[in-house]
Each structure stands twice: as C-alpha cells, then as structure tokens.
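**Student:** with the sequence up front, the predicted model follows.
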Amino acid sequence: MRTNTIALALGTAFAMSFAAASPAAAQMAYPDKCKSEMSSGGDMAMQGHAMTGMTDHQKESMDGMKAMNMNMMQGMMKKDADVAFACGMIAHHMGAISMAEVELKHGDNAEAKAKAQKIIDDQTKEIRELTAWVEKEVK
C-alpha cells in the first residue's frame with residue numbers, strides 16, 4: 001500500500017505531460033496496457049519546485065523528465081516482471097527521445113546533435129518493438 005501511495009504522490013500530475021514534451025514521442029504514445037490505475041491528482045512531487053531562472057532547454061528537459069518518471073512508475077507497478085520491464089523501458093526510451101529532441105533544438109555542437117539524432121532513431125525502433133511485444137503478450 002505504501003508503495004502505491006508513494007507512486008501516486010510522485011507521479012499523478014505527470015500523466016498528461018509527456019505528449020506535450022516531445023513531438024516525436026507524441027507520435028508514439030505510452031501504451032495503455034503499460035498504465036496503472038493511478039488516479040489523477042495534484043502535482044505533489046513538484047509542488048514548490050520553481051522553474052524560474054531556468055533556461056528554455058532546462059525547462060523542456062524537466063518537462064520530459066516528469067513525463068518519463070510518471071510513465072516509468074506506472075509501468076514498473078505491473079505485477080508481471082516481464083511486462084514491468086517492457087513498460088519501464090518504453091518510458092525510459094521515450095525520456096531519452098525527449099532529451100535528444102531538446103539537444104537538437106537548443107544544442108550547437110554537431111557531434112552532440114548527431115548523437116541525439118542517433119538516439120532518437122535507435123530508441124524509436126526499440127519503442128516500436130517493445131510496444132508490439134506488450135500489445136501481443138499482455139492480455
């Protein structure tokens with residue numbers, strides 16, 4: 001019970017934030033079968049967390065991290081270890097894509113931007129594979 005309460009407290013307000021955080025990730029929705037029955041509530045984990053003074057890239061990175069954390073917590077709450085792994089990795093990869101997109105938008109180093117694009121390409125493929133597995137295996 002305490003674990004569910006902590007997960008709820010940490011993540012409830014993040015459920016909808018991922019779609020807005022990342023254009024590419026918005027095209028790859030977190031699978032419904034990976035979501036838990038966590039109800040929506042206040043943003044208790046981030047209350048009082050001021051984002052004033054942050055640069056645009058820092059704010060965008062934080063938004064992506066919040067969404068990733070919520071989805072990872074939901075996925076890791078699955079009772080089946082295989083499903084928890086797959087769902088947690090989907091969320092983790094979506095977070096990597098979000099971070100890479102921030103680099104592409106705000107970064108100025110060609111090598112870093114090339115790595116960010118590779119991450120987007122590789123993680124997109126893995127998300128598709130893991131999502132297909134979840135859709136096939138989870139009843």
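**Tutor:** Thanks, I have it.
**Student:** pretty sure Met68 contacts Ile90?
**Tutor:** No: in this structure, Met68 is not within contact of Ile90 by Cβ atoms under 8 Å, at 10.1 Å. For every residue, glycine as well, the C-beta is placed using N, CA and C.
**Student:** for the longest helix along the chain, packing partners?
**Tutor:** What stands out as the longest helix in the chain, according to DSSP state H, is helix 110-137. Contacts defined by 3 or more Cβ pairs under 8 Å, 6 or more residues apart in numbering; DSSP states H and E place helix 110-137 against helix 81-106.
**Student:** repeat that with 10 Å
**Tutor:** helix 23-27, helix 81-106 (3 or more Cβ pairs under 10 Å, 6 or more residues apart in numbering; DSSP states H and E).
**Student:** need those helices in CSV (columns: mean neighbour count and mean pLDDT).
**Tutor:** Converted to CSV, the helices and strands packed on helix 110-137 look like this (neighbours: other Cβ atoms under 10 Å; pLDDT from 0 to 100):
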stretch, mean neighbour count, mean pLDDT
helix 23-27, 16, 56
helix 81-106, 20, 94
